[in-house]
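Enquirer: what follows is a predicted protein model with its sequence.
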Amino acid sequence: MGDTYEVEVKISIDSFDEIEHRILNVGAKKINQEVQIDSYFEHPCRTFSETDEALRVRLRRPFDNAELESPTDLVELTYKGPKIDSTTKTRIESSVKLNDAEEITSLLENLGFKLVATITKKRQFFSIPAITISIDDVEDVGLFLELESISNYDEISNARENIFAMVKKLGLEPTQSIRESYLELFLSRRSSS
């Protein structure tokens, strides 16, 4: 089995309601809402901010009567590799589902990993063929639109083209894409205050 890649475009937005209206007008379906609490860790032997990698423990919680697919979807451990292109946040992504965020956090800390930051976001998901769209309200960072496809290496170019075509359908420009992760944006904001 080959590696899977997350092909992602993120754009800062001003209005949840306006972009939600545009998303629904292009035929996307609203699927669910959740709160995501993401804890990011630093490797004990290398600096992820220099290698452009990330290790995250995500705790997902439903809100507004949203239901998660199953209890095992509540906690994920995710590794994200370095970005591989200059226009999107395309990178290798590997995730495993877990059932105890406190235990995995304790395990990582006992292995020498250090907590860098915890970022909380409210996320509204929408579905359209081959693309997952979300509107993210990220605490202490801002409001964003994300479009994402998961693909193998040979499909990256097509996935990127489909996402940029959808960005244009939504009345936005691909040049508005932000390559920094929420962690990078959060740390940048924290260091400048």
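Expert: Everything's here; your move. Numbering: from 1, shown residues only.
Enquirer: please enumerate the strands of the chain.
Expert: 5-12, 29-42, 54-62, 75-80, 91-98, 114-128, 131-138, 142-151 (DSSP state E).
Enquirer: pull the CA atoms of stretch 35-48 into CSV?
Expert: Included here for stretch 35-48 are C-alpha records, laid out as CSV according to Å, rounded to 0.1, in the frame of the first residue of the first chain:
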residue,chain,number,x,y,z
VAL,A,35,-15.0,20.8,17.9
GLN,A,36,-11.4,19.7,17.4
ILE,A,37,-8.8,20.0,20.1
ASP,A,38,-5.4,19.5,18.5
SER,A,39,-2.3,19.0,20.6
TYR,A,40,1.0,19.3,18.7
PHE,A,41,4.2,17.7,19.9
GLU,A,42,7.9,18.4,19.2
HIS,A,43,10.2,15.4,18.5
PRO,A,44,12.9,14.8,21.1
CYS,A,45,15.7,14.6,18.5
ARG,A,46,14.7,16.9,15.7
THR,A,47,12.9,20.2,15.3
PHE,A,48,9.6,19.8,13.4
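Enquirer: contacts for that stretch?
Expert: Where contact means CB atoms under 8 Å, 6 or more residues apart in numbering, the residues beyond stretch 35-48 that reach it are 53-63, 101, 105, 108, 111-123, 182-183. Just so you know, the C-beta spots here come from the backbone N, C-alpha and C atoms, and that holds for glycine as well.
Enquirer: and that stretch, how far out from the chain's middle?
Expert: Here the centre of stretch 35-48 is set off from its chain's centre by 14 Å, with CA atoms, centre = their mean, to the nearest Å.
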